[in-house]
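Peer 1: quick check, what structure comes out for this input:
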Amino acid sequence: MAGCTLGCCGGFCLFVSIICAIMQFVFYALISNDNERIEIGESSHERHEYKNTPLITAIVYCVFILISVVCLAVPKKQVDFQDQRGGQIDERTSLVDNADAPMYDDQPASGVTEQ
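Peer 2: Below you'll find the model as predicted:
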């Protein structure tokens, strides 16, 4: 079993991005209406200076939403790994066992040769 698929990753990213985008749009609305509940800046002028930051952040999250939708729309492919003889390779056991790795019994563990 592989890790997370594009659909799984896209679904999670879509969920989180929608929440963050909504939060940033609300934050932008509060700042642009000069709401004093948000303690950003000490004056109306300072809040006006910072009002574009949540808007830009919300737009970035909207781009993430589009990328997530693309991840969900990509057709699901099953990727099979095969060895040189055409047999299936179990990725987990080949990484854990690593039977194909060369053994160097002559070399010290530090990699420094003895003199």
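Peer 1: so what's R37 up against?
Peer 2: L30 (C-beta atoms under 8 Å, 6 or more residues apart in numbering). Yep, even glycine has a C-beta here, placed from its N, CA and C like the rest.
Peer 1: got any ranges where this structure has weak pLDDT?
Peer 2: 1-3, 41, 75-115 (pLDDT under 70).
Peer 1: ok, which stretches of it are helices?
Peer 2: 6-32, 44-50, 52-73, 91-97 (DSSP state H).
Peer 1: turn these into a markdown table, including mean neighbour count.
Peer 2: Listed next are the helices of the chain as a markdown table, based on neighbours: other C-beta atoms under 10 Å:
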| stretch | mean neighbour count |
| --- | --- |
| helix 6-32 | 16 |
| helix 44-50 | 13 |
| helix 52-73 | 15 |
| helix 91-97 | 10 |
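Peer 1: distance check, the residue lying closest to S68 once chain neighbours are set aside against C20.
Peer 2: For S68, ignoring the flanking residues on the chain, the nearest one in space by C-beta to C-beta, 6 or more residues apart in numbering is L14 at 3.7 Å. Shown here: L14 relative to C20, a distance of 11 Å by C-beta to C-beta, to the nearest Å.
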